[in-house]
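# kindly return the folded structure for what I paste below:
(one chain, ligands or ions: 1)
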Amino acid sequence: MEQPEEFGEGFDSFSTDAIHTGVDPMQWSHRAVVPPITLATTFQIAEPTRGARFYYSRGNNPNRSCLEECLAALEGAKSAYCFASGMAATMTATHLLTSGDNVLCSADVYGGVFRYFKYCAVKMGISTTFVDFLDLAKLEAALDCKPKMVWFEVVTNPTLKITDIEAVVAVVRKKVPDALICVDNTFLTPYLLRPLDLGVDIVMHSITKYMNGHSDVLMGSLATNDANIAQQIKFFQMALGAVPSPFDCFMVQRGLKTLAIRLREHCSNAKVVAEYLENHPLIDKVLYPGLASHSQYGLAKRILRDNGGMVSFYVKGSGEQTKTFLKNLKIISLGFSLGGYESLAELPCTMTHSMMTDEARDAIGITNTLVRLSVGLENPTDLSRDLDSALKTAIL
Ligand SMILES: Cc1ncc(COP(=O)(O)O)c(C=O)c1O
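So this is what the prediction gives:
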């Protein structure tokens with residue numbers, strides 16, 4: 001869908017794109033307003049040659065194609081590609097490199113991405129250096145390794161620090177102009193930040209999270225404005241074959257239609273819960289970019305549309321009491337993942353970030369009392385009451 005010129009200022013067509021882009025009923029004969037699910041793995045073609053838009057479902061599928069068009073519009077990208085999971089998207093992006101290349105990755109990155117670069121990519125001869133992207137002097141020095149790819153998250157997981165994306169892009173472009181700059185935008189979604197507008201080359205998502213939003217699909221995506229990068233991603237999407245099913249594409253397209261409205265509610269609920277916890281006597285510290293106490297409150301205000309649905313906090317107690325607290329939550333589930341309509345809590349040190357070394361965890365503030373909360377769409381007062389009751393049961 002074409003954007004009016006004033007997009008981003010007076011007029012914001014995000015929701016319009018989420019609902020209409022990619023699903024024009026004119027593209028199929030019955031004009032259904034909801035895309036039909038095309039399960040066929042192969043398609044009848046007119047000529048015995050390559051080149052048809054749909055020929056074999058690993059190469060392209062109508063449901064995937066509708067979804068990719070919509071994702072590109074939301075991301076402000078020329079093209080987007082879907083994969084079987086966020087990790088499949090990460091792996092496919094890494095195939096843009098060759099043996100002997102270096103990756104410079106933020107030390108404060110999702111544990112699975114850390115594991116992939118440290119233990120899997122290295123087997124293909126691709127080595128990764130992890131560095132604190134909040135320290136621009138350290139980042140600049142680390143660029144001496146001349147990385148082919150730079151990888152980071154703008155809101156880091158689980159300590160919710162904000163990477164100054166514009167400053168990072170400037171430092172990288174100055175020193176290593178041809179490095180591929182990739183941002184994992186899972187925690188924010190394009191509703192809260194569009195990294196391509198700020199000069200990065202590739203945006204990656206674990207669509208599994210907010211983009212789908214219903215905790216029932218595993219998927220990843222890559223989006224770019226660069227035709228050469230897009231061509232390579234498309235090639236590796238087909239050649240590696242880590243693609244999502246047509247049904248999952250249908251489900252995500254359905255989820256995207258409420259992305260803006262869900263995100264607004266996630267953000268407002270998270271703010272209520274963060275403010276409640278900040279004043280709770282059994283909480284040591286709350287990490288939420290929307291609190292004035294957050295060390296990067298000003299930066300968050302400048303670059304984000306709103307502050308997201310994730311809240312992390314340190315329990316005023318022992319590691320054992322923190323575990324007891326988590327097991328006593330009634331509305332909020334103890335579980336992996338984030339970004340669904342339901343609230344989830346987890347203990348990063350023994351769950352999502354358990355594969356990191358003790359030193360790496362210490363360096364970024366992951367202690368045995370740090371809890372990460374994905375604030376869902378329930379009544380935030382009920383969530384606050386649930387947290388209060390579990391804290392009192394565990395500690396008093
Ligand atoms: C920030 C981030 N990036 C990437 C991933 C990996 O995505 P997936 O689980 O869809 O493979 C996750 C999963 O939790 C994540 O939180």
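# which residues are in contact with whichever residue of the stretch 201-350 of the chain sits closest to the ligand?
In the stretch 201-350 of the chain, the residue that lies nearest the ligand is residue 206 (3.0 Å; Cβ to the nearest ligand atom). From N, CA and C alone the C-beta is placed, and that goes for glycine too. Listed by Cβ atoms under 8 Å, 6 or more residues apart in numbering, the contact partners of residue 206 are 85, 86, 87, 89, 110, 184, 186, 219, 220.
# over to it: give its phi and psi.
phi -90, psi 100 (degrees, to the nearest 10).
# not counting its neighbours along the chain, what's nearest it?
residue 86 (2.9 Å; Cβ to Cβ, 6 or more residues apart in numbering).
# in contact with the closest residue to the ligand within the chain, which residues?
Using Cβ to the nearest ligand atom, the closest approach of the chain to the ligand is made by residue 86 at 2.3 Å. Residues near residue 86 by Cβ under 8 Å, 6+ apart: 112, 184, 186, 204, 205, 206, 207, 208, 209, 219, 220.
# mind putting those into JSON lines with pLDDT and secondary structure?
Shown next, in JSON lines, are the contacts of residue 86 (pLDDT from 0 to 100; DSSP: H, G, I helix; E, B strand; the rest coil):
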{"residue": "112", "pLDDT": "90", "secondary structure": "helix"}
{"residue": "184", "pLDDT": "98", "secondary structure": "strand"}
{"residue": "186", "pLDDT": "97", "secondary structure": "coil"}
{"residue": "204", "pLDDT": "98", "secondary structure": "strand"}
{"residue": "205", "pLDDT": "98", "secondary structure": "strand"}
{"residue": "206", "pLDDT": "98", "secondary structure": "strand"}
{"residue": "207", "pLDDT": "98", "secondary structure": "coil"}
{"residue": "208", "pLDDT": "98", "secondary structure": "coil"}
{"residue": "209", "pLDDT": "98", "secondary structure": "coil"}
{"residue": "219", "pLDDT": "98", "secondary structure": "coil"}
{"residue": "220", "pLDDT": "98", "secondary structure": "strand"}
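# residues of this protein that sit close to the ligand?
85-87, 110, 112-113, 153, 157, 184, 186-187, 206, 208, 218, 220, 337 (Cβ under 6 Å from any ligand atom).
# quick one: which of those is nearest to residue 46?
Nearest to residue 46, judged by Cβ to Cβ, of these is residue 220 at 32.9 Å.
# which non-adjacent residue is nearest that closest one?
Residue 220 sits nearest to residue 89 (Cβ to Cβ, 6+ apart), 3.1 Å away.
# how about residue 78?
Nearest non-adjacent residue to residue 78, counting by Cβ to Cβ, 6+ apart: residue 225, 4.9 Å away.
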